[in-house]
Structures are given as structure tokens and as C-alpha cells.
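Engineer: Fold the following, please.
(one chain, ligands or ions: 1)
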Amino acid sequence: MEVALLNHPIVASLLTRLRDKNTSSVEFRIIVRQLTIFLGVDATKDLACREKVVETPVAEFRGVEMDASIAIVPVLRAGLGMAEPLFELIPQAEVRHLGLFRDEVTLQPVTYYQKLGDKPADVCLLVDPMLATGGTAIAAIDILKKWGATDIRFLAILAAPEGIAAVEAVHPDVKICLGALDERLNEQGYIVPGLGDAGDRQYNTL
Ligand code: URA
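Structural biologist: The predicted model follows:
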């Protein structure tokens with residue numbers, strides 16, 4: 001399985017501010033947007049393009065346009081803050097929502113909303129800021145594969161090694177793009193050192 005880690009000083013400093021428990025919800029959302037742009041650029045750098053010829057004011061230019069249909073799939077609710085910046089980056093994409101939450105006792109994913117279209121996109125950008133146990137990611141990827149998706153890229157801001165191993169065991173074909181890989185999970189299923197609950201911190205519901 002391919003795991004791509006962003007390696008950039010701007011990303012490192014943004015991640016530090018994101019992790020800081022004193023960072024406000026407003027700033028947290030802004031940083032999620034900024035990091036998602038980096039992730040989106042990195043996750044799409046090999047997308048198929050076809051030739052497109054345009055006229056500049058000076059001469060003909062033989063350029064390209066994208067040749068793949070793209071679905072942005074946020075896992076509700078924490079993934080929503082990543083869907084908007086990705087949609088700005090790829091305005092021709094479609095956005096499909098998946099509602100999955102993690103049962104706080106069993107830590108197992110529960111599906112409460114699923115609205116995918118008839119035809120799967122060529123490339124699915126599945127977004128959830130935290131890849132923790134991997135349970136939600138695996139359930140979401142299962143759903144996308146049943147939909148017919150074949151090229152699935154999972155974008156997360158932080159991951160725990162346990163989550164990557166779990167996804168790799170079931171879905172080794174899925175590419176994972178990360179802001180950073182943290183040390184471990186704690187007993188409550190939180191990523192350590194992590195940033196706390198990404199949904200609560202984005203939506204000011206601490
Ligand atoms: N989900 C979160 O929001 N934070 C974690 O640390 C793990 C899962």
C-alpha cells in the first residue's frame with residue numbers, strides 16, 4: 001500500500017498550531033482548509049490529463065485538461081471541513097456524502113447516511129481528518145467499492161500506525177495521503193499526540 005506523507009515546513013508549522021489545545025475553533029477550521037489544499041495537491045498529482053490546445057494572446061499553446069471524473073467523499077461530520085477546500089481546488093468534482101460515526105463504546109463504525117450517485121467517479125478522494133483505528137476508513141472504503149469505485153485515495157490530516165495497518169490489511173490498493181503519522185492510539189481510540197476530537201474542534205462542540 002502506498003502511504004504518502006506531506007513533508008513541508010509550512011505543513012509542519014500548520015500542524016503544530018492545529019494540535020495546540022489553545023488554538024480556537026475558527027483558527028482550527030482555517031488550518032484544516034490550508035492543510036487540505038496541500039493534501040489535495042499531493043493526492044492528485046498523477047491524475048490523467050488529455051491534450052488541450054488554447055490560444056494565448058500571443059500564440060497557440062498545447063496544454064492539458066483533466067481527463068478523470070473525481071468524487072470528493074467526506075465522512076460526516078469531521079470530513080466536511082476538508083470537502084470545501086478540495087471542491088475549490090477541483091471545482092468540476094462531484095461531492096458525495098457518507099455519514100459514519102464511531103460508536104464510543106465499541107469503537108466500531110455505524111453508517112447513518114449514505115448518498116452516492118448511480119455511476120462511480122474515476123477517482124474517489126475520501127476525506128476524514130483522523131485515521132485512528134481504521135474502522136471508519138475500512139467501512140467507508142467498503143461502501144465506495146460496492147458503489148464501483150476502483151481508484152480510491154484516502155486523505156487524512158493525522159493517522160495512527162494502527163489505523164494504517166488495519167486499512168492495509170483489508171484494502172491494500174487504497175492510497176493514503178497524510179499530513180503526519182503519529183505515535184499510537186490511546187485506550188479511548190484517540191491518536192497520540194494527535195489533536196483531540198477533530199469534529200468537536202472544527203465545529204466548536206467541545
Ligand atoms: N477521531 C478524532 O477526532 N480524534 C482522534 O484522535 C481519533 C479519532
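Engineer: Just give me the longest helix of this protein.
Structural biologist: Ranked by number of residues, the top helix in the chain under DSSP state H is helix 25-43.
Engineer: So that helix, near the ligand or not?
Structural biologist: No. Judged by Cβ under 6 Å from any ligand atom, helix 25-43 and the ligand are separated, with a smallest distance of 11.6 Å. (Glycine included, C-beta is placed from N, CA and C.)
Engineer: Show me what counts as buried in that helix.
Structural biologist: Neighbour-count burial for helix 25-43, with 16 or more other Cβ atoms under 10 Å as criterion, is recorded at 28-32, 35-36, 38-40, 42-43.
Engineer: try stretch 120-130
Structural biologist: Buried, per 16+ other Cβ under 10 Å, within stretch 120-130: 120-121, 123-130.
Engineer: In helices only, show me the residues you listed.
Structural biologist: Going by DSSP H, the helices hold none of the buried residues of stretch 120-130.
Engineer: which of these lies closest to L6?
Structural biologist: P129 (13.5 Å; Cβ to Cβ).
Engineer: elements contacting the top strand by length along the chain?
Structural biologist: Looking across the chain with DSSP state E, the single longest strand is strand 151-159. Other helices and strands packing on strand 151-159, by 3 or more Cβ pairs under 8 Å, 6 or more residues apart in numbering; DSSP states H and E, are helix 9-19, helix 25-43, helix 80-89, strand 123-127, strand 130-131, helix 135-147, strand 175-181.
Engineer: can I have it written out in PDB, keeping just the CAs?
Structural biologist: In PDB, the C-alpha atoms belonging to strand 151-159 read as follows (Å, rounded to 0.1, in the frame of the first residue of the first chain):
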ATOM      1  CA  ASP A 151      -9.300   4.300  -7.600                       C
ATOM      2  CA  ILE A 152      -9.800   5.400  -4.000                       C
ATOM      3  CA  ARG A 153      -7.400   7.800  -2.300                       C
ATOM      4  CA  PHE A 154      -7.900   8.400   1.500                       C
ATOM      5  CA  LEU A 155      -6.800  11.900   2.700                       C
ATOM      6  CA  ALA A 156      -6.300  12.400   6.400                       C
ATOM      7  CA  ILE A 157      -4.500  15.100   8.400                       C
ATOM      8  CA  LEU A 158      -3.200  12.700  11.000                       C
ATOM      9  CA  ALA A 159      -3.000   8.900  11.300                       C
END
